[in-house]
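**Student:** Could you work out the structure for the sequence below:
(one chain, ligands or ions: 1)
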Amino acid sequence: MQAVFDGHNDVLLRLWQNEKKGGDAVTEFTEGTHKGHIDLPRAKAGGLAGGLCAIYIPSGDLVLKAPAADGSYATPLSEPLERAPSLDIAMEMASIALRLERAGSWRLCRTMADIDNAMADEKFAAVLHMEGCEAIDADLAALEVFYAAGLRSLGPVWSRNNIFGHGVPFAYPMSPDTGPGLTDIGRELVKECNRLGILIDLSHITEKGFWDVAELSDQPLVASHSNPHALVPVARNLTDKQLDAIRESKGLVGLNFAVTMLRADGRENANTPLSDMVRHIDYLVDKLGIDGVAIGSDFDGALVPQDIGTAAGLQNLIVALQEAGYGGAELAKLCRENWFRVLRSAWHETDSD
Ligand SMILES: [Zn+2]
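**Tutor:** Below you'll find the model as predicted:
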């Protein structure tokens, strides 16, 4: 079994939603459930050793547009969110992450040593991520506080606009060049993340925003859960030019398991073969090299192929990659080592690389 450190999941969103219905997040995660994709028993069964766990403020108005006969669809961007209620929700999700840590259900990792130790102790190695910074104020005061609470990664925007920048809509086929990039405050956010040691995630940002970060940031470029646009032309996927820039910066792309981003027809259909996932990995490895490709499952945030099903089915992908010719050292890079390299760099723990 290959231990997998995964670049993106929404388990905190699912646990938060369950608490709103009267459930208990620690019990649901620790004892397991039939709901969603990730809990402790299923993570153990599938070799999911840890990953970036997102604080994400849901958009109440998000209704994915049904595709036309030719498969095309264009869901409008969700409306911008108010900061105060977003901050409340972000605090509630961060509190779930901290309660899981206090209960010993997972380790909330702030350093690479934390991740190493958690994995050695067979504890789920969670890293706190923020997907869209609606909870952060223009003065970035909340950023300091979330950093102190363990935040070590963020995407300035989700697929909606905020004070930091502009996001891409869910649309097929569509270029990711859908609007403006970072705002002036967004530029300050990038600089502050570089200074504090917070990874900057480029999934969901417009192509202009991508280039703005590429110009400003002193860190490798990372798209935690995106796929190649050449294979599936959704606005959320990355053009070859973007992949070239990521390679140049020694960054990475995490393979998103969302079927709409894996299937050539862009359809929401779980009957999507593992060979589609392998095809994306092959393409990314060709463009980025074996050091630039990783996993970014989007578990608990997307419909995934039925042959994966949940975190418990994660090794099915590894077996498919083995059968496609990937050896042990290559799989170790894809499954975790590439993530560790960019995290070490973003967190200023860099050694030789
Ligand atoms: Zn996402």
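**Student:** list the buried ones in the helix or strand hosting Arg42?
**Tutor:** With elements delineated by DSSP states H and E, Arg42 resides in helix 40-46, which encompasses its position. For helix 40-46, a neighbour-count test (16 or more other CB atoms under 10 Å) marks 40, 42-43, 45-46 as buried. Placement of C-beta: from N, CA and C, glycine included.
**Student:** same deal with stretch 49-58?
**Tutor:** Neighbour-count burial for stretch 49-58, counted by 16+ other CB under 10 Å, picks out 49-57.
**Student:** circling back to that earlier point, using TSV, lay out the buried residues of helix 40-46 together with distance to Thr350 and pLDDT.
**Tutor:** Written out in TSV, the entries for the buried residues of helix 40-46 read as follows (distance: CB to CB, whole Å; pLDDT from 0 to 100):
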residue	distance to Thr350	pLDDT
Leu40	32	98
Arg42	33	98
Ala43	28	98
Ala45	34	98
Gly46	30	98
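**Student:** Could you measure from the nearest residue to Thr350 once chain neighbours are set aside over to Gln322?
**Tutor:** Spatial nearest neighbour of Thr350, excluding adjacent residues (CB to CB, 6 or more residues apart in numbering): Arg344 at 5.6 Å. Arg344 sits 27 Å away from Gln322, taking CB to CB, to the nearest Å as the criterion.
**Student:** Regarding this protein, what is its longest helix?
**Tutor:** Taking residue count as the measure and DSSP state H as the definition, the longest helix of the chain comes out as helix 83-102.
**Student:** for it, packing partners?
**Tutor:** Applying 3 or more CB pairs under 8 Å, 6 or more residues apart in numbering; DSSP states H and E, we find helix 83-102 packed against helix 11-20, helix 25-31, strand 48-55, strand 106-108, strand 124-131, helix 141-148.
**Student:** pLDDT of the helix or strand following the shortest one, averaged?
**Tutor:** From strand 106-108 onward toward the C-terminus, using DSSP H and E, the following helix or strand is helix 112-120. The predicted model assigns helix 112-120 a mean pLDDT of 98.
**Student:** okay, the angle between helix 112-120 and strand 48-55?
**Tutor:** Angle between the axes of helix 112-120 and strand 48-55 is 130 degrees (criterion: axes from the mean of the first three to the mean of the last three CA atoms, to 10 degrees).
**Student:** check which helix or strand covers the residue in the chain sticking out farthest from the centre.
**Tutor:** Checked against the mean C-alpha position of the chain, the extreme residue using CA atoms, centre = their mean is Ala69, at a distance of 30.6 Å. In the assignment (DSSP H and E), Ala69 maps to no helix and no strand.
**Student:** do Val157 as well
**Tutor:** Val157 belongs to no helix or strand when assigned by DSSP H and E.
**Student:** Quick one: residues contacting the nearest residue to Gln219 once chain neighbours are set aside.
**Tutor:** In space, Gln219 comes closest to Ala346 once its chain neighbours are excluded; the distance is 5.3 Å by CB to CB, 6+ apart. Residues counted as contacts of Ala346 (CB atoms under 8 Å, 6 or more residues apart in numbering) are 152-153, 197-200, 219-220, 222.
**Student:** Check the secondary structure at Gly23 for me.
**Tutor:** coil (DSSP: H, G, I helix; E, B strand; the rest coil).
**Student:** So what's the residue count around it?
**Tutor:** For Gly23, the count of nearby residues is 15 (other CB atoms under 10 Å).
**Student:** Can you name the residues that contact it?
**Tutor:** Contacts for Gly23 (CB under 8 Å, 6+ apart) come out as Leu15.
**Student:** Export the helices and strands packed on helix 83-102 as a markdown table, with columns for mean pLDDT and distance to Leu262.
**Tutor:** Putting the helices and strands packed on helix 83-102 into a markdown table (pLDDT from 0 to 100; distance: least, CB to CB, whole Å) gives the following:
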| stretch | mean pLDDT | distance to Leu262 |
| --- | --- | --- |
| helix 11-20 | 98 | 21 |
| helix 25-31 | 98 | 27 |
| strand 48-55 | 98 | 19 |
| strand 106-108 | 98 | 28 |
| strand 124-131 | 99 | 20 |
| helix 141-148 | 98 | 32 |
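**Student:** out of the ones you listed, nearest to Val4?
**Tutor:** strand 48-55 (5.4 Å; CB to CB).
**Student:** next SSE after that closest one?
**Tutor:** For strand 48-55, the following helix or strand on the C-terminal side (DSSP H and E) is strand 73-74.
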